[in-house]
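# below are the sequence and a predicted model for it; my questions follow.
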Amino acid sequence: MATYHIDQIDQKILSFLVKNARMPFLEIARECGVSGAAIHQRVKRLEANGVITGSRLLVKPQAIGLNVCAFISISLSEANKYPEVISYLKKIPEIVECHFVTGKYGILAKVYCFDNDHLMEILLNTIQKIPYIQSTETMISLDEAIERQVWVKDYKNTSFSGSLPQG
């Protein structure tokens, strides 16, 4: 496993792109004091080394009627069935995040639903019917106080360890 070293220019690039993935490379170049071509090459290198895994358009769930955000803790009857349970959970479009976690529950899922009735439908008729799910505990989010990407500004001498492409 090779290590890719992220220098201060890479850190600046990442901090700009995290704030605005559509920021023009020429504008980033001006801010970093390098050429647009250098920014393009660095971004390609960050992508090739798995530091940047893509960019996406973010949609506010409430803008499309998804007014309930909930976190569902899921207890498994058999922890080694995690991959099978995840394959079922991936088919539920309301689930936007899913984590294998430590503690009382094995899985923590984040869901968006239109309303509480929709949430109850997903819980009772979908999630709780998945084999190896023993129980669930649901917490409804009343407010999302912080929403952001990872913070990259001011990290000093960061190295990213990951699989580098061969060739």
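Great, that's in hand.

# what bridges to the residue at minimal distance from the centre of the chain?
Within the chain, the residue whose C-alpha comes closest to the C-alpha centroid is residue 97; the distance, by C-alpha atoms, centre = their mean, is 7.0 Å. Legend: beta-bridge partners of residue 97 under DSSP bridges are residue 110.

# ok, it to residue 110 distance?
Using C-beta to C-beta, to the nearest Å, residue 97 is found at 4 Å from residue 110. All C-beta spots, glycine's among them, are computed from the backbone N, C-alpha and C.

# what are the buried residues along stretch 92-100?
Buried residues in stretch 92-100, counting neighbours by 16 or more other C-beta atoms under 10 Å, are found at 94-95, 98.

# make TSV out of these and add distance to residue 12.
Supplementary listing: the buried residues of stretch 92-100 in TSV, determined by distance: C-beta to C-beta, whole Å:
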residue	distance to residue 12
94	37
95	35
98	32
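
# make CSV from those and add pLDDT and distance to residue 146 to it.
Below are the buried residues of stretch 92-100 laid out as CSV (pLDDT from 0 to 100; distance: C-beta to C-beta, whole Å):
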residue, pLDDT, distance to residue 146
94, 97, 22
95, 98, 21
98, 97, 20
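
# show me how far stretch 125-142 is from its chain's centre.
Taking C-alpha atoms, centre = their mean, to the nearest Å, the mean C-alpha location of stretch 125-142 is offset from the chain mean by 21 Å.

# for that stretch, which positions count as buried?
Those buried within stretch 125-142 under the rule 16+ other C-beta under 10 Å are 127, 130, 132-133, 136, 138.

# tell me the mean pLDDT for it?
Stretch 125-142 comes out with an average pLDDT of 97.

# so the protein: which segments form each domain?
Here the domain assignment for the chain is 2-57, 61-141, based on automatic domain parsing.

# straight-line length of the last one, end to end?
It refers to domain 61-141. Distance between the boundary residues of domain 61-141 (C-alpha to C-alpha, to the nearest Å) amounts to 13 Å.

# can you pull out the strands in the protein?
Listed in chain order, the strands found in the chain under DSSP state E are 2-6, 68-76, 95-100, 107-113, 133-141, 158-162.

# all set now, cheers.
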